[in-house]
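> quick check, what structure comes out for this input:
(chains A, B and C)
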Amino acid sequence: MAAQHSRRSFLTLAGMLTAGSALAACGSNTGRGGSGDTTLHQWYHAYGEDGVQAAVKRYAAAYRGGHVEVQWNPGDYDSKILTALQSSAIPDVFEAQVKLDWVRQKQVVPLDDLLGDAKADFVPELLKSQTVDGHLYGIPQAIDTQVLFYRPSLLQAAKITPPTTVDELVEATKALTKDGVKGLFAGNDGGVSVLMGPLLWSAGLDYLNADNTAVGFDDPRAAAAFGKLRDINKSGGLLLGSPTDWSDPGAFTSKRVAMQWTGLWNLPKIQEALGDDIGVLPFPAMDASGKPSVPVGAYSAMVNARSGNVDAAKAFVKWLWVDQVQDQVEFATAFGAHLPARASLSAKAPKLQSGVGAQVVKFVADGGKIASPAWWSARSNTALSDAVARIAREGANPTQETQKALEVAKAELARARG
Amino acid sequence: MKGTTRAFWLFVGPFLIGLALFTFVPIGWSAYLSLFEARNTVTPTVFLGLKNYADMLTDDAFLRSLGTFLAFAVFIVPLTFVLSLALAMAVNQIGVARAFFRSVFFLPFACSYVVASLVWKMSLFSGVETGVANKVLAVFGGDPIAWTGTVDPPWYWLVLVTARLWLQLGFYMILFIAALQRIPDHLYEAAWTDGASPGWQTFRYITWPQLRGATVAVLTLNLINAFQAFDEFYNILGDSRGYPPFARPPLVYLYYTSLGSGGQDLGRGSAGAMILTVIIAAVTLLQGRVFRFGRA
Amino acid sequence: MGRDYGVPVPVGYRQTTAGRIGVVLRWIALVIGAVLFLLPFYLLVRNGLATQGELSARDWSLFPRSLHWSNFADVFDSDEVPLLRSLWNSVVVAVLQTVGQVFLCSLAGYGLARIPYRHANKVLYAVIASLMVPTAVTFVPSFVVVSSLGWISDLRGLVVPGLFSALNVFLFRQYFLDFPVELEEAGRLDGLNRWGVFWRVVVPNCGGFFAAIAVIDFIGSWNQFLWPLIIGQDESSWTVQVALSTLLSSQNPKINLLFAAAAVSILPIVLVFVVLQRYLVRGVTETGLRG
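Presented below is the predicted three-dimensional model:
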């Protein structure tokens, strides 16, 4: 387990951010002079922060190497990307986190040659997460992370301290539930989709082991960890059925809950609504062999191998996500709060230099975990989230359900290993 | 005679080509895919034999999806039947405003499942205290219930079943009204002469037996439609992260298995589709036996 | 006692006590039912005219305090999803599909009903057999076929596979079987061939039936969801149902605009319903009781 921590830790990131190091950022050689009349289709998932959509359209419009159509995809983006990659030349460029199957089926193209000198500037862990079989398939756009937001005033009123173990989190969820306010909100699915990873990490486990040779939760403590989510669901303090889901700060800012698990990107909205009454925590450890953790998502720009204009698409990706440093800074920091994917940009992220932002940077450095590893297949993920949902929401037997998911994950890994 | 052949193909040919291309070819291709490892591809190379079928038939999630269909059918079929018949009788027997009531109950038929899902999920059965159902609860002093998110008790069934009832009752009501109007008056007149009282007795001995054809049609259509349930389940229970493992009917499961985030596995998806096709064909034939299908 | 009563009652029955109670109960049930059935439509419009804040506020009430008609303008301006484009797509798909279906299926139905071709029965069995396979179950393989034709995110992929309705062919065939042969023979005496008889004699005399099938097809096409969801990958090919569903499962839905968009989306279909209800009722009856 120790190897796992070191491999997926983000200590480098902390160093970069605090030092505000100024590694040579590339100049801004705009435009590649490609064929002017190709149209590239670029897809994003729907960012919740106001302004992102307009910004990415603005970036695309400024590109002189061709015409770029930006498509915004609210809804089930992962399914959409999977279906599109299987059958369609659209999109040419899209954001996602690389999956082994895409590489094996040659659905995405390697982007190794795009980074050039800038390679040293990117957070190495991120590049590694988008690398399969020695090739880089995605250019990291920014780092997303999720944390537990809470209102210190309510904790004080209930005379409890911020939870440092999963059991304390269960207790806090109960204790904070009163006067029409619920203790915790972690999504309308009872926390299944967003807390699945953190629960594994809380027990010192993971989806896969460090070198992707074995499933990372072949351990009875996985079932125990998922059982904790059952406790949270049973506590009576978990908010369900909110009009907005975990990724939106609505439940927290409208004071329906005392704690919410949501993206750091919502920090500006939360600060606006609640002022200083904000605390943040990583997901706590279950016991001594686990560690507090936060998931690290790295949506990266990728190129569809079925695209009719692979070269033009690559040129656009290089232009936007390698060369256009100003746009990258704005993208990561101007709307919500993301951690930049590049060291040289960190000094330009004032929200992260102090206060809550700085705390979260430390969480990422100490316990950041890749949320969606390339080798962790969609089918394994569905099997595991089904199991966790059945355990947490329906009260199914944790050991049996986890075992079923484990078997699927093992078979999937065996298939991937050939 | 040659002219007849030519004329026949002129009339029927265009349709048949399309039917072949978009019904028979897909079924054949699906049968083919179901024998291969077809992940992320429609031109597979690894032959698996019947492994995908074995996989699906032992796949807990797939079997549960069949169970979900059964549970859904157990609610929806009798409820639709009784309520649509009751509506038809009531609408049919009032003199004034009959056209108005008929239109009101029939109107939801024109509404899409997506729009109904929106109203049900976000307004009628919204989980917070602003939902209409929770407003009603509050009148009786109840706490708000997360209707679509509560598994124990499974309130989501209430949401799904009422949505479908609203959408389809009018359709079946129209069928019953049409059937009611085809019952000849003299049957009723004869019954009164024999001393039957209007109300239950005439219903039991005249109306009900005369509705047999409509009854079979309503039950059959209703069952087949329930089997194909997708839209309201997907839109009410699905979210941007996928779909929960409960209340997942067969088509939703196949969608996620083959085309959604469940692994893009067209081999297993096709095997599942073939199994469903066999089940539907078997049920249809069996039903034909029981109800003498093919009266036409 | 008139024939337009489905279940007649003896003269004077309504004046008896039992009759009166029956009438009162029926009225109560119908009025409650009607209110419940209209409530969702009301909510659609009511929430579509609210502000986002009002919808999540604890004091939301059934009757709005203020009406925000600007929502309907905003919803067309919103660049979250291209609503206008998706409405247009729905119109195009529904119209093309309705016209195409009625055209192809009436021809085939007529051929099967009237042309004494040797193998006509075998063809009919093939059509009926395909009825047993619900199209929804074949969506996976159909997707495969359409994708290999390169019709993903393409109007052709949305429209063409839906044109070949075996059920419609069957309904047309049943209907044409009952068409008076004498009329057709008169047409032939006037020197028309089969094609001419069909268009000049049969079609003009079956307007009501054609309208009935067309209305049903139009509503079905407008409201279909699974197929456009699979085929409409690129937003330029989304139908209005897909656009709405996308907003509904969005992580941060603007709920008031979502309701406004949904209200707009049902407007055309409600119009069709109101204007053509007579044909719709007939279509439903034919589809349901003959199919």
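
> how about the closest residue in space to residue C:147 that isn't next to it in sequence, what does it touch?
Take residue C:147 and drop its neighbours on the chain: the residue closest to it by CB to CB, 6 or more residues apart in numbering or on different chains is residue A:87, 3.9 Å away. Every residue, glycine included, has its C-beta placed from N, CA and C. When contacts are counted by CB atoms under 8 Å, 6 or more residues apart in numbering or on different chains, residue A:87 touches B:42, C:143, C:147, C:152, C:233.

> hmm, residue C:161 and the fourth one touching each other?
No. With contacts defined as CB atoms under 8 Å, residue C:152 does not count as touching residue C:161, sitting 11.8 Å away.

> distance check, the residue in the stretch 51-200 of chain B that chain A sits nearest to against residue A:245.
Closest to chain A within the stretch 51-200 of chain B is residue B:127: 1.3 Å, counting by CB to the nearest CB. Distance of residue B:127 to residue A:245, computed by CB to CB, to the nearest Å: 11 Å.

> who touches both of those two?
residue A:188.

> thinking the residue of the stretch 51-200 of chain B closest to chain A is in contact with residue B:148, fair?
Yes. The pair residue B:127 / residue B:148 is scored as a contact, 6.6 Å apart, by CB under 8 Å.

> quick check: neighbours shared by these two?
A:188, A:241.

> related to what we said a few turns ago, phi, psi of the residue nearest to residue C:147?
phi -140, psi -10 (degrees, to the nearest 10).

> how much space separates it from residue A:107?
Separation of residue A:87 from residue A:107 (CB to CB): 10 Å.

> neighbour-wise, which one of the contacts of residue A:87 leads?
Greatest neighbour count in the contacts of residue A:87, by other CB atoms under 10 Å in any protein chain shown, goes to residue C:233: 28 neighbours.

> tell me the secondary structure for the residue lying closest to that residue once chain neighbours are set aside?
Once flanking residues are discounted, residue C:233 sits nearest to residue C:153: 4.5 Å by CB to CB, 6+ apart. Three-state call for residue C:153 (DSSP: H, G, I helix; E, B strand; the rest coil): coil.

> may I see the buried residues of the host helix or strand of residue B:189?
Element membership for residue B:189 (DSSP states H and E) is helix B:185-193. Within helix B:185-193, the residues that count as buried by 16 or more other CB atoms under 10 Å in any protein chain shown are B:188, B:191, B:192.

> which SS class is the residue of the stretch 51-200 of chain C at minimum distance from chain A?
Going by CB to the nearest CB, chain A is nearest to residue C:147 of the stretch 51-200 of chain C, at 3.9 Å. Secondary structure, three-state DSSP: residue C:147 is helix.

> got a pLDDT number for it?
With respect to pLDDT, residue C:147 scores 84.

> that one: what's it in contact with?
Counting by CB under 8 Å, 6+ apart, residue C:147 has contacts A:86, A:87, A:88, B:42.

> can I get those residues in JSON lines with secondary structure?
What follows is these, written out as JSON lines (three-state DSSP):
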{"residue": "A:86", "secondary structure": "helix"}
{"residue": "A:87", "secondary structure": "helix"}
{"residue": "A:88", "secondary structure": "coil"}
{"residue": "B:42", "secondary structure": "coil"}
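
> which two from the residues you listed end up farthest apart in space?
Maximum pairwise distance among the contacts of residue C:147 (CB to CB): 12.3 Å, between A:88 and B:42.

> which residues in chain A form strands?
For chain A, the strands defined by DSSP state E cover A:39-45, A:67-73, A:93-96, A:131-132, A:135-136, A:139-140, A:142-150, A:182-185, A:257-263, A:279-281, A:294-297, A:300-303, A:339-340, A:368-370.

> what's the most buried one of those strands?
Sort these by mean neighbour count, taking mean count of other CB atoms under 10 Å in any protein chain shown, and strand A:339-340 sits at the top with a mean of 29.

> for that strand, packing partners?
strand A:142-150, helix A:325-333, helix A:355-367 (3 or more CB pairs under 8 Å, 6 or more residues apart in numbering or on different chains; DSSP states H and E).

> the first one pairs with which strands, parallel or anti?
To tie it back to what came earlier, the one meant is strand A:142-150. strand A:257-263 (antiparallel), strand A:279-281 (antiparallel), strand A:294-297 (antiparallel), strand A:339-340 (antiparallel) (DSSP bridges).

> show me the residue at the heart of chain C, geometrically.
Nearest residue to the geometric centre of chain C (CA atoms, centre = their mean): residue C:219, 1.7 Å.

> residue C:62 should be in a helix, yeah?
No. Using three-state DSSP, the assignment for residue C:62 is coil, not a helix.

> and it, what is it in contact with?
B:132, B:135, C:46 are the contacts of residue C:62 under CB under 8 Å, 6+ apart.

> residue ranges with poor pLDDT in the stretch 151-291 of chain C?
C:251, C:290-291 (pLDDT under 70).

> from it, which residue is nearest to chain A?
residue C:250 (3.3 Å).

> return the residues in contact with the closest residue to that residue other than its chain neighbours.
Nearest non-adjacent residue to residue C:250, counting by CB to CB, 6+ apart: residue A:74, 3.3 Å away. Listed by CB under 8 Å, 6+ apart, the contact set of residue A:74 reads A:45, A:46, B:240, C:80, C:81, C:246, C:247, C:249, C:250, C:251, C:252, C:253.

> apply 7 Å and report the result again.
Applying CB atoms under 7 Å, 6 or more residues apart in numbering or on different chains to residue A:74 gives the contacts A:46, C:80, C:81, C:246, C:247, C:250, C:251.

> just residue B:117 next, same as before
B:163, B:232, B:235, B:236, C:248.

> what helix or strand is the fourth one on?
Assessed by DSSP H and E, residue B:236 sits inside helix B:231-237.

> again, but for the first one
When secondary structure is defined by DSSP H and E, residue B:163 falls within helix B:156-181.

> is that helix up against chain A anywhere?
No. Judged by CB under 7 Å from any CB of the partner chain, helix B:156-181 stays clear of chain A, getting no closer than 10.2 Å.

> for that helix, name the packing helices and strands.
Contact partners of helix B:156-181 among helices and strands, from 3 or more CB pairs under 7 Å, 6 or more residues apart in numbering or on different chains; DSSP states H and E: helix B:60-93, helix B:98-106, helix B:113-119, helix B:212-227, helix B:231-237, helix C:255-290.

> got the angle for the longest helix along chain A vs helix B:60-93?
What stands out as the longest helix in chain A, according to DSSP state H, is helix A:398-417. Here the directions of helix A:398-417 and helix B:60-93 differ by 110 degrees (axes from the mean of the first three to the mean of the last three CA atoms, to 10 degrees).

> list the buried ones in helix A:398-417?
For helix A:398-417, burial by neighbour count (16+ other CB under 10 Å) applies to A:398, A:401, A:402, A:404, A:405, A:406, A:408, A:409, A:412, A:413, A:416.

> could you pull up the residues touching the third one?
Read it as residue A:402. Residue A:402 neighbours (CB under 7 Å, 6+ apart): A:222, A:223, A:226, A:387.

> wait, the second one touches residue A:396, no?
No. Taking CB atoms under 7 Å as the definition, residue A:223 is not a contact partner of residue A:396, at 10.7 Å.

> buried residues in stretch C:257-273?
C:257-266, C:268-269, C:272-273.

> and that stretch with chain A, contact?
No. Using CB under 7 Å from any CB, stretch C:257-273 never reaches chain A; the gap is at least 10.3 Å.

> and the residue nearest to residue B:257 when sequence neighbours are not counted, how many neighbours does it have?
The shortest distance from residue B:257 to any non-neighbouring residue, by CB to CB, 6+ apart, is to residue B:269 (4.7 Å). Applying other CB under 10 Å, we find 32 residues neighbouring residue B:269.
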